[in-house]
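**Student:** got a predicted structure plus its sequence, pasted below:
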Amino acid sequence: MRKIIVGSRRSKLALTQTNWFIDQMKQAGSPFEFEVKEIVTKGDQILDVQLSKVGGKGLFVKEIEQALYDKEIDFAVHSMKDMPSELPEGLVIGCIPPREDARDAFISTGHVKFMDLPVGAVVGTSSLRRSAQLLMLRPDLEIKWIRGNVDTRLAKLETEEYDAIILAAAGLKRLGWSDDVVTEYLSTEDCLPAVGQGALAIECRGDDAELLGELGKLTHEETWKAVHAERAFLHAMDGGCQVPIAGFATVENGDVQFTGLVASPDADQVFKQFSTNVEPETAGKEVAKTLSEQGAYDLIQQVRRDLNV
Ligand SMILES: NCc1[nH]cc(CCC(=O)O)c1CC(=O)O
């Protein structure tokens, strides 16, 4: 029996996602043995600075992709959100399993709802996408950068000066945190999720036909369509996790319904557009075209120059 080596970042979330997916493969009757190999990425090492400042697309994936090229591992389970919109030559996404909750979770001390936060309350996030959208609703809030994995951030809410923090619901749910830690789930209208948020990407070598055949069986059609619309948008806008960009799609009766958003970091300028199409890429690209015509592409380039990324 072929032994498949699965690469994973060392964080609890990465390992949980990896083991969850291996279980799915076993349940589907995949004819393999599995072994997990832990890999430390640059993104895991730099935990003390604002992510948008260290820059570089694919901060969490580069070392893993090298291990794929070197055949040290056969596939890796990534958060789709951490994947650059273009994969390097020779590597492919072999499977997109069903999406977890794509929303952002708002967690405050004392369970005060977001709109009930006192004036000037301090909210912890290191994402320009989240901070821009929070400031649209509550321009009075103070955004304070916060880094670290899910457990660290929840601990910081208790011990440091934050009134609230925002985390991806998917990470909390996969780690088994119960719904009661969450004060409220922000609606996708109020806080449009990051492209790919809540979804996983199984990355492998494009020439590994045997593995690709097994992985393909576990792809979830609706998630595949939604993610392709979102990533087509991200790519067309030259977006990434360093700039305030959001994109979220659902599938209704086979049609992809996609909303894209680009904002300035201070939320002074906000561009938002919706499109629906049977072709996922078309839905994403149409929104990108409209927003670019309105000035959103230039805004992203401006943000990149300002942040030097
Ligand atoms: N930015 C890091 C990251 N990448 C994926 C997740 C959570 C899981 C997901 O969105 O799929 C997180 C943490 C967070 O944003 O709270």
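**Tutor:** Received the coordinates, thanks.
**Student:** where do the strands of this structure begin and end?
**Tutor:** Ranges of strands within the chain are 2-8, 32-38, 75-79, 91-95, 104-108, 122-124, 142-144, 164-168, 184-186, 200-205, 245-252, 255-263, 270-277, based on DSSP state E.
**Student:** tell me which residues in the first one are buried?
**Tutor:** Just to be clear, that refers to strand 2-8. The neighbour-count check on strand 2-8 (16 or more other C-beta atoms under 10 Å) flags 4-8 as buried. The way it works is simple: take the backbone N, C-alpha and C, and place the C-beta from them, glycine included.
**Student:** closest to the ligand out of those residues?
**Tutor:** Relative to the ligand, the closest of those is Ser8; by C-beta to the nearest ligand atom it sits at 13.4 Å.
**Student:** right, and that closest one touches Lys37 too?
**Tutor:** Yes: in this structure, Ser8 is within contact of Lys37 by C-beta atoms under 8 Å, at 7.2 Å.
**Student:** gap between the closest residue to the ligand within the stretch 201-309 of the chain and Gln197?
**Tutor:** Going by C-beta to the nearest ligand atom, the ligand is nearest to Cys241 of the stretch 201-309 of the chain, at 6.5 Å. Distance of Cys241 to Gln197, computed by C-beta to C-beta, to the nearest Å: 10 Å.
**Student:** quick one: common contacting residues for the two?
**Tutor:** Shared contacts of Cys241 and Gln197, defined by C-beta atoms under 8 Å, 6 or more residues apart in numbering, comprise Lys81.
**Student:** name the helix or strand of the chain that has the lowest mean pLDDT.
**Tutor:** helix 51-54 (a mean of 50; mean pLDDT, DSSP states H and E).
**Student:** quickly list what the closest residue to the ligand within the stretch 1-150 of the chain is bridged to.
**Tutor:** The ligand sits closest to Ser79 of the stretch 1-150 of the chain, with a gap of 3.4 Å, by C-beta to the nearest ligand atom. Beta-bridge partners recorded for Ser79 (DSSP bridges): Leu200.
**Student:** residues touching it, list them.
**Tutor:** Applying C-beta under 8 Å, 6+ apart to Ser79 gives the contacts 13-14, 17, 60, 170-171, 196, 199-201.
**Student:** who wins for most neighbours among these?
**Tutor:** In terms of neighbours by other C-beta atoms under 10 Å, the contacts of Ser79 top out with Leu200 at 29 neighbours.
**Student:** I'd guessed it sits against Ile96; true?
**Tutor:** Yes: here Leu200 reaches Ile96: they are 7.0 Å apart, a contact under C-beta under 8 Å.
**Student:** show me what the nearest residue to Val181 once chain neighbours are set aside bridges to in the sheet.
**Tutor:** Spatially, and ignoring its direct neighbours in sequence, Val181 is nearest to Ile107 (6.2 Å; C-beta to C-beta, 6 or more residues apart in numbering). In this structure, Ile107 bridges to Ile165 when assessed by DSSP bridges.
**Student:** does Ile107 touch Asp180 like I think?
**Tutor:** No: taking C-beta under 8 Å as the definition, Ile107 is not a contact partner of Asp180, at 10.4 Å.
**Student:** ok, these two, which is more surrounded?
**Tutor:** Neighbour count, other C-beta under 10 Å: between Ile107 and Asp180, Ile107 has more, with 20 against 7.
**Student:** what's the pLDDT at that one?
**Tutor:** Note for Ile107: predicted pLDDT of 97.
**Student:** for it, give its distance to Gln17.
**Tutor:** Taking C-beta to C-beta, one finds Ile107 at 21 Å from Gln17.
**Student:** ok, now Leu137?
**Tutor:** Separation of Leu137 from Gln17 (C-beta to C-beta): 30 Å.
**Student:** just to revisit the earlier point, closest to Arg231 among the contacts of Ser79?
**Tutor:** Checking the contacts of Ser79 against Arg231 by C-beta to C-beta gives Gly196 as the nearest, at 6.7 Å.
**Student:** isn't the closest one right up against Arg231?
**Tutor:** Yes: the criterion here is C-beta under 8 Å, and Gly196 meets it with Arg231 at 6.7 Å.
**Student:** could you name every residue contacting both of those two?
**Tutor:** Met83.
**Student:** out of the contacts of Ser79, which one has the weakest pLDDT?
**Tutor:** Phe60 (73).
**Student:** count of neighbours near the spatially closest residue to that one that is not a sequence neighbour?
**Tutor:** Nearest residue to Phe60, sequence neighbours excluded (C-beta to C-beta, 6+ apart): Gly43, at 4.0 Å. Neighbour count for Gly43, taken as other C-beta under 10 Å: 20.
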